[in-house]
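Trainee: Give me coordinates for this.
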Amino acid sequence: MSRIGRQPITIPSGVDLRVDGSRVTVKGPRGTLEQSFHPDMRLVLQDGSLRVERPTDERQHRSLHGLTRTLIANMVEGVTNGFEKRLEIVGVGYRAALKGSDLEMALGFSHSVPFPAPQGIEFEVPAPNRITIRGIDKQLVGEVAAEIRKIRKPEPYKGKGIRYEGEYVRKKAGKAAKGAA
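Mentor: Purely as a prediction, here's the structure:
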């Protein structure tokens, strides 16, 4: 049995979880998430918890077991607490600011880079060189963070660019000066 798939998902008070065949809808204080799962996975709702059961020990069913359980657990976590990713901007003159609900960044290009907030995502700029991305969908929060980081990845010589908070960027030595011949 999958160690992760075996664990039941406890449903906190204030969260409404509905199972309709292979479609799961989770409603909570922060919003609603809905997703379809593989029809082979059995979802058993009882005593304020949800269990995911697999029909056989085939390789595909074993891999889907833990995945399904984790995705549903992330949905429950998202509608109760939400998810956030933090980015750092490193570089002289590199900064970010909020323009309405959208993000406006100066990243060393000849123009500022606008980044519109997708549905269900909110940005916060606590400092000009810090960006916080919040939302209830873990996958969407991570994807938006990756898209923003992709605009100006950290470069290996000076480390300038956008990086995840706490991300380590290995620096390269650069050119060595020519010696006298």
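Trainee: Can you tell me how far the most centrally placed residue in the chain is from residue 33?
Mentor: Taking Cα atoms, centre = their mean, the centroid of the chain lies closest to residue 142, which sits 2.4 Å from it. Relative to residue 33, residue 142 is positioned 15 Å away (Cβ to Cβ, to the nearest Å). For every residue, glycine as well, the C-beta is placed using N, CA and C.
Trainee: can you pull the buried residues of the longest helix along the chain?
Mentor: Scanning the chain for the longest helix, with DSSP state H as the assignment, gives helix 59-80. Neighbour counts over helix 59-80 (16 or more other Cβ atoms under 10 Å) mark 61, 64-80 as buried.
Trainee: and if you look at stretch 46-55?
Mentor: 50-54.
Trainee: Tell me the helices and strands packed up against the helix or strand containing residue 131.
Mentor: Assigned by DSSP states H and E, residue 131 falls within strand 130-135. Counting contacts by 3 or more Cβ pairs under 8 Å, 6 or more residues apart in numbering; DSSP states H and E, strand 130-135 packs against strand 83-90, strand 121-127, helix 138-151.
Trainee: Go again with 10 Å.
Mentor: Applying 3 or more Cβ pairs under 10 Å, 6 or more residues apart in numbering; DSSP states H and E, one finds that strand 130-135 contacts strand 83-90, strand 95-99, strand 102-106, strand 121-127, helix 138-151.
Trainee: residues in contact with that strand?
Mentor: With contacts defined as Cβ atoms under 10 Å, 6 or more residues apart in numbering, strand 130-135 is touched by 30-31, 78, 82-89, 95-98, 103, 105, 115, 117-126, 140-145, 147-149, 162, 165.
Trainee: In ChimeraX, select just the buried ones from those.
Mentor: The buried residues among the contacts of strand 130-135 can be selected in ChimeraX (16+ other Cβ under 10 Å) with this line:
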select :30,78,82,83,85,87,88,89,95,96,103,105,115,117,120,121,123,125,140,141,143,144,145,148,149,162
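Trainee: how much space between the residue nearest to the centre of the chain and residue 84?
Mentor: 10 Å.
Trainee: for residue 11, same thing?
Mentor: Applying Cβ to Cβ to residue 11 and residue 84 gives a distance of 22 Å.
Trainee: that older thread, contacts only, for the closest residue in space to the residue nearest to the centre of the chain that isn't next to it in sequence.
Mentor: Leaving aside its sequence neighbours, residue 142 sits nearest to residue 85 (Cβ to Cβ, 6 or more residues apart in numbering; 6.4 Å). The contact partners of residue 85, taken as Cβ under 10 Å, 6+ apart, are 131-135, 138, 141-146, 148-149, 164-165.
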